[in-house]
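>>> This is a predicted model, with the sequence first.
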Amino acid sequence: MSLISLSNSPSAPCYILQLPRFNIMLDCALDMTPALNFEPLELVPNASIPQKMKNATGRQREQRLLNEPLEYALPALNLFDMGTVDVILISNYRMMLALPYITSHSTFKGIVYATEPTVQFAKQAFVTMTEHTYRIPRVNSTAPSWKELYSGARTESQDLKPQPPYGTGDDDLVSWRELFTRDEAIAALTSVHAVSYNQKIEVLGRVQITAHPSGHSIGSANWAIEIADKRFVYVGTSSGAHDRPPMPLDVEALRNADVCLLGGLASRTYSTPPHERMAVLLRHVAGTVGAGSPVLLPVHSSGTLYELLEAVVAHLACSQLQTVPIYIVSPTAKESLSYANICVQWLNKTRANKVMLPEWPFEHADHIANGIVQVFPSLSAAFSKAYREPCVIFADSPNLRTGDAPQLVKMLTTPARGACCVLSDPEFDPTAVLAPFHPLGMTVAVCTVDPALPVGAASELLADLAPSCAVVPAPLLRPLSPAVSGTYAGDGHATDTKFHLRYDGGELLGLDVGIPVKVLATKFERAKIDVKLAQTLKPVRVDHTTSAVAVEAQLDARDFQYHLDVPDSSGAPTHVTPTHVTPTGKKVLFGTVRPRRLVQALAQHGIRHVSVSQQGTTSVDAVEQKIVADCAKTVANNTTSACSAAPLSFGLVNIRVTKHYIRPWQFLI
């Protein structure tokens, strides 16, 4: 069993779990941060930018923004043959955004598993992204592409050569792609199979997959994978808070795994807990609208929008500002808000029980009915007619590169308005987000709302889960850098304290991009036993918790599925005498064979001059093999022989191994 990471971005994980003759991809997120190197997509092109790049002011270093269609970073799919991937497991809808590239531009022919809310929210995200991107008219040009300019292929244009984004090198640009089309997104959804929490899924009869609540967002999941006698758990983006709307993190289902992969940790550390950062955000909102000015909150139309909307409405009511209108501008916001209120089985018990009263799990349905909250698909004439200040506006998207949020920023950027822009998304650097809009005539507050587990909490979670081996992205084993520089108001920044993840309960491995890490060796295969064969078995009780039985069977192996059937009498094995364990009178050997103790025990029975041989570099004391055996014949003569790791041999005693998991092993003594 090996693991390979295909992404170097903590916020966009993608892993490959390699099993014997079976490969599983864990998440396929799309890194959205490269879009920060481009000018915002606007319905009305900015005529003052004729060239491909424009200098952005207000940056710590000179950065030329690209006036081109936005591009995003894919996982390093070229490092692995996607045709050999059998299954893709999705932890939440944000981790599914690279799926259209995989289904339309690779040889992948497998199955994708995700919960029903994850599928629906991903569909809404696909619609939002494609509508915002492709509503902008494309201009055909014969001019050299920006990548040609950057690569230095045209030296005469070095003055226009863009700088690499935030330390990105030439190799990273290979994975940058323009956004998928709507047809590609629709085609990707056809390969997705919706599952429920705790639903056991068998793939090829040998791998069992189960989704468990992760607490991060509605329908988000962690995954448990079982193959034969080994158990692997993937902890994607999770939240340990129990008072949030989603069903809380199921820790019990993740305990005592052989291998645990932590793949969705927060890449930033914060000086204040989440509820204090939320309180700061609400104070900025109430203070701004209380002064008669508008507030803009760029957010995704799913996820934290539900919590932010409820908190803002409640806080404005407590501040005697309940008449302030709240606008939501997104092509899928109406569908998203409606769907959240019917996901009862995916919510925590408090919200799920509201439907028995009857009440809506989320209060935004009542707020929309009362006119407190108004939803618009875009900045249409209807929005202009309803708009009045002061107000609160939620708009796609957090990076201020697509949708109507960039136009709203320009509309509100006048000092006389006194507007405030609240940035709450943890994925994007606030300095880079605001770079195209300088000089900025509005207040900016950075109050990050990040439900993901921070590194400190992840160390505590690992200690609770107690896996034999823990695997994390290699950067999390090194000191973390501060998230932002503290240029703007608010205390949602990362502190200067640098943390690294620790785990003292077992082995801790780091995962670098493209480098396979072997995490576990699987020794057994799971087999099903025939009913008639099972009826012939007569287990012997060894103690109050253990019974032992010898099994003589015919192994039928096909399509990676194994069956134990009644053996054919004509094809009985000749190297051992066919015998069965009787209810009484037959001595059954069981437990752990230790060569040194075995030699000592034989000496007590008069069998001396026994030599012990050692294979490889393994010490004799460490050579162990758990067995359940039938002692068929013994010889009490003083015979000199050898006892080694595998196979063990001594005299003429025959020991036949019997296991629930079948492996072609024989112990001949």
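Sure, I can see it. Numbering: from 1, shown residues only.
>>> so where's the stretch 101-250 of the chain uncertain?
The model of the stretch 101-250 of the chain has pLDDT under 70 over residues 138-172.
>>> mind listing the strands for it?
111-115, 176-178, 192-195, 200-203, 207-213, 221-227, 230-235 (DSSP state E, counting those that start in this stretch).
>>> low pLDDT regions in the stretch 251-400 of the chain?
267.
>>> Can you point out the buried residues in stretch 424-440?
424-437, 440 (16 or more other CB atoms under 10 Å). Every residue, glycine included, has its C-beta placed from N, CA and C.
>>> I'd like the C-alpha coordinates of that stretch written as CSV, please.
Provided in CSV are the C-alpha atoms of stretch 424-440 (Å, rounded to 0.1, in the frame of the first residue of the first chain):
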residue,chain,number,x,y,z
SER,A,424,-13.5,36.0,5.1
ASP,A,425,-12.2,33.3,2.8
PRO,A,426,-9.0,31.5,4.1
GLU,A,427,-7.9,30.4,0.6
PHE,A,428,-6.8,33.8,-0.8
ASP,A,429,-4.2,36.4,0.2
PRO,A,430,-6.1,39.6,0.9
THR,A,431,-3.3,41.7,-0.6
ALA,A,432,-3.5,39.8,-3.9
VAL,A,433,-7.3,39.8,-3.9
LEU,A,434,-7.4,43.6,-3.8
ALA,A,435,-4.5,44.3,-6.1
PRO,A,436,-6.5,45.3,-9.2
PHE,A,437,-8.6,47.8,-7.3
HIS,A,438,-6.0,50.2,-6.0
PRO,A,439,-6.3,53.0,-5.0
LEU,A,440,-9.1,51.6,-2.8
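>>> what mean pLDDT would you report for that stretch?
Averaged across stretch 424-440, the pLDDT comes to 90.
>>> what's the distance between residue 356 and residue 116?
Distance, residue 356 to residue 116, using CB to CB, to the nearest Å: 22 Å.
>>> Neighbour count for these two, which is higher?
Ranked by neighbour count (other CB atoms under 10 Å), residue 356 and residue 116 place residue 116 first, with 17 against 8.
>>> Is that one in contact with residue 219, as I believe?
Yes. Using CB atoms under 8 Å, residue 116 makes contact with residue 219 at a distance of 6.6 Å.
>>> Please enumerate the shared neighbours of these two.
Listed contacts common to residue 116 and residue 219 are residue 346; contacts here mean CB atoms under 8 Å, 6 or more residues apart in numbering.
>>> Leaving out chain neighbours, which residue sits closest to residue 69?
residue 178 (5.2 Å; CB to CB, 6 or more residues apart in numbering).
>>> ok, now residue 564?
Per CB to CB, 6+ apart, closest to residue 564 is residue 553, 4.1 Å.
>>> Which residue lies nearest the spatial centre of this structure?
Nearest to the mean C-alpha position of the chain, counting by CA atoms, centre = their mean, stands residue 236 at 3.1 Å.
>>> Which pLDDT does the model give the closest residue in space to that one that isn't next to it in sequence?
Sequence neighbours aside, residue 91 is the residue nearest to residue 236 in space, at 2.8 Å (criterion: CB to CB, 6+ apart). Looking at residue 91, its pLDDT is 96.
>>> residues touching residue 91, list them.
With contacts defined as CB under 8 Å, 6+ apart, the neighbours of residue 91 are 26-27, 214, 216, 220-223, 234, 236-237, 263-264.
>>> Distance check, it against residue 269.
Applying CB to CB to residue 91 and residue 269 gives a distance of 22 Å.
>>> In contact with residue 510, which residues?
471, 472, 473, 474, 476, 477.
>>> Across the sheet, point out what pairs with the third one.
In other words, residue 473. On the basis of DSSP bridges, residue 473 is bridged to residue 511.
>>> Likewise for residue 89?
Going by DSSP bridges, residue 89 forms beta bridges with residue 26, residue 113.
>>> bridging residues for residue 194?
Here residue 194, judged by DSSP bridges, has bridge partners residue 114.
>>> That one contacts residue 115, doesn't it?
Yes. Contact between residue 194 and residue 115 holds when scored by CB under 8 Å: they sit 6.5 Å apart.
>>> of those two, who's got more company?
Set residue 194 next to residue 115 and count neighbours by other CB under 10 Å: residue 115 wins out with 25 against 15.
>>> Skip the chain neighbours and tell me the closest residue to residue 464.
Nearest to residue 464 is residue 251, by CB to CB, 6+ apart, at 6.1 Å.
>>> picking up where we left off before, out of the contacts of residue 510, flag the one nearest to residue 11.
residue 473 (10.8 Å; CB to CB).
>>> if I read this right, that closest one contacts residue 5, doesn't it?
Yes. Using CB under 8 Å, residue 473 is in contact with residue 5, at 6.5 Å.
>>> Okay then, goodbye and thanks.
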